[in-house]
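**Q** pasting the structure only:
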């Protein structure tokens, strides 16, 4: 590179003695480096098969940012601790929506193991109905869940059972409505134009989950052009 900088003539610079052989040697060494890198990336893919769906350049970029991986692991560990401790704070159907699916699944498995171990411990202590009692604990969830199988929520609303009811109370549920709908059963379409969002002489057109303001001046110009075209 220093010789190239001091020799401005292209033909003279590229026809130096031994330059072609030097480039060939560098190309061979580069091939060895690429082979070694591919073998190294293969070890990472074998350890974590999902890396097979990532290109070599992206995988190399991921491996170079190991500090981000450490931060992600710490964040997931912290969120998992919160998910486990808050498991009993609300109905499970609502709790599931508070965390990513894999964290919620891991926390659920942790709680299932804890409850089963406790049930076996009570069984060893002489409580013969320990396993039956543990099974009954799951029955309210099933009862409220079956109440949602009738799909009471309309317009693609999501039915969430309310497990806070007592056994003698009538099972209730909450409908989480999609954008543009409201009401107990998501049966009411929200009129987006009720708040008069359009200013001036424009007209508000209500759509599902949004609105469109149509300027009357534009409509009049379009009408006038249409009439001229018809007249011609």
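**A** The structure has been received and is ready for your questions. In this text the structure is predicted, and so the values were computed from the model without any measurement.

**Q** next up, the contacts around residue 187.
**A** 154-155, 181 (CB atoms under 8 Å, 6 or more residues apart in numbering). C-beta: built from backbone N, CA, C; applies to glycine.

**Q** one more pass at 10 Å, please.
**A** 152-155, 157, 175, 177, 181 (CB atoms under 10 Å, 6 or more residues apart in numbering).

**Q** can you redo these as CSV with neighbour count, secondary structure and pLDDT?
**A** Listed next are these as CSV, based on neighbours: other CB atoms under 10 Å; DSSP: H, G, I helix; E, B strand; the rest coil; pLDDT from 0 to 100:
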residue, neighbour count, secondary structure, pLDDT
152, 15, coil, 77
153, 23, coil, 82
154, 16, coil, 84
155, 17, coil, 84
157, 21, coil, 80
175, 21, strand, 79
177, 21, coil, 81
181, 20, strand, 83
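
**Q** ok, so of these, who is nearest residue 89?
**A** residue 175 (21.7 Å; CB to CB).

**Q** list the beta-bridge partners for the closest one.
**A** residue 159 (DSSP bridges).

**Q** going on from whatever helix or strand residue 24 lives in, what's the next piece of helix or strand?
**A** Take DSSP states H and E as the rule and residue 24 turns out to sit in helix 19-47. Scanning forward in sequence from helix 19-47 by DSSP H and E, the next helix or strand is helix 56-64.

**Q** so residue 117 versus residue 110, what's the distance?
**A** Here residue 117 is placed at a distance of 11 Å from residue 110 (CB to CB, to the nearest Å).

**Q** quick one, phi/psi of the most centrally placed residue in the chain?
**A** By CA atoms, centre = their mean, the mean C-alpha position of the chain lies nearest to residue 100, the distance being 7.2 Å. Residue 100 has phi and psi values of phi -60, psi 150 when expressed as degrees, to the nearest 10.

**Q** residues contacting it?
**A** Contacts of residue 100 by CB under 10 Å, 6+ apart are 76, 79-80, 83, 106.

**Q** between those, which has the most around it?
**A** Per-residue neighbour counts (other CB atoms under 10 Å) across the contacts of residue 100 peak at residue 83, which has 22 neighbours.

**Q** residues making contact with stretch 48-57?
**A** Contacts of stretch 48-57 (CB under 10 Å, 6+ apart): 34, 37-38, 41-42, 44-46, 58-63.

**Q** coming back round to it: out of residue 117 and residue 110, which sits in the more crowded spot?
**A** Just comparing residue 117 and residue 110: by other CB under 10 Å the higher neighbour count belongs to residue 110, 14 against 10.

**Q** and the more buried one, how far from residue 118?
**A** 13 Å.

**Q** swap in residue 104?
**A** Relative to residue 118, and taking CB to CB, residue 104 is found at 21 Å.

**Q** who has more neighbours out of the two?
**A** residue 104 (19 against 12).

**Q** look up how far residue 5 lies from that one.
**A** 61 Å.

**Q** got it, and residue 49?
**A** Taking CB to CB, one finds residue 49 at 48 Å from residue 5.

**Q** go on, residue 102?
**A** Applying CB to CB to residue 102 and residue 5 gives a distance of 55 Å.

**Q** likewise residue 174?
**A** 73 Å.

**Q** in this protein, which spans are strands?
**A** 158-161, 173-176, 181-182, 188-189, 203-207, 210-214 (DSSP state E).

**Q** got CSV for those, with distance to residue 93 too?
**A** What follows is these, written out as CSV (distance: least, CB to CB, whole Å):
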stretch, distance to residue 93
strand 158-161, 5
strand 173-176, 9
strand 181-182, 20
strand 188-189, 23
strand 203-207, 31
strand 210-214, 29
